[in-house]
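> Sequence and predicted structure below; questions after.
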Amino acid sequence: MTDARGAPLRYDQLEVRNLNGLVATNGIIHDRVVKVTQSVIAR
């Protein structure tokens, strides 16, 4: 799982809220799903 930008979710910081969406996949297609998600958000 990553945020919609492809960055890993981090819980070792003072601010743990995720304000950038969430992408969860089977792993095999994750990079492609993040890329498509970013293109949709950019519209």
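Received it, and whenever you're ready, just let me know what you need.
> going forward, measure contacts and count neighbours with C-alpha atoms only.
OK.
> quick one, phi/psi of the residue in the chain sticking out farthest from the centre?
Here the centre of the chain is the reference, and by Cα atoms, centre = their mean the most remote residue is L14, at 19.5 Å. Per-residue torsions, L14: phi -60, psi -40 (degrees, to the nearest 10).
> how about the helices in this structure?
Secondary structure of the chain (DSSP state H): helices located at 30-42.
> Where does the prediction get shaky in it?
Nowhere does the chain drop to pLDDT under 70.
> give me that answer again for 90
Within the chain, the set of residues satisfying pLDDT under 90 comprises 43.
> give the contact list for V34.
4-6, 23 (Cα atoms under 8 Å, 6 or more residues apart in numbering).
> Neighbours of R43, how many?
5 (other Cα atoms under 10 Å).
> How about Y11?
Neighbour number of Y11 under other Cα under 10 Å is 10.
> Quick check: phi and psi on it?
The phi/psi pair for Y11 (degrees, to the nearest 10) is phi -120, psi 20.
> quick one: contacts for the residue farthest from the centre of the chain?
So L14 contacts nothing (Cα under 8 Å, 6+ apart).
> one step back: buried members of the contacts of V34 into ChimeraX, please.
The ChimeraX selection below is limited to those of these classed as buried (16 or more other Cα atoms under 10 Å):
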select :4,6,23
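> Include distance to V40 when you put the contacts of V34 into a markdown table, please.
What follows is these, written out as a markdown table (distance: Cα to Cα, whole Å):
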| residue | distance to V40 |
| --- | --- |
| A4 | 10 |
| R5 | 12 |
| G6 | 14 |
| V23 | 13 |
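> Could you work out the most separated pair of the contacts of V34?
Maximum pairwise distance among these (Cα to Cα): 8.8 Å, between R5 and V23.
> any idea how far L19 is from T2?
12 Å (Cα to Cα, to the nearest Å).
> Ok, D3 next?
Applying Cα to Cα to D3 and L19 gives a distance of 8 Å.
> Give me the more crowded residue out of these two.
Each of D3 and L19 has its neighbours counted (other Cα under 10 Å); D3 has more, 17 against 8.
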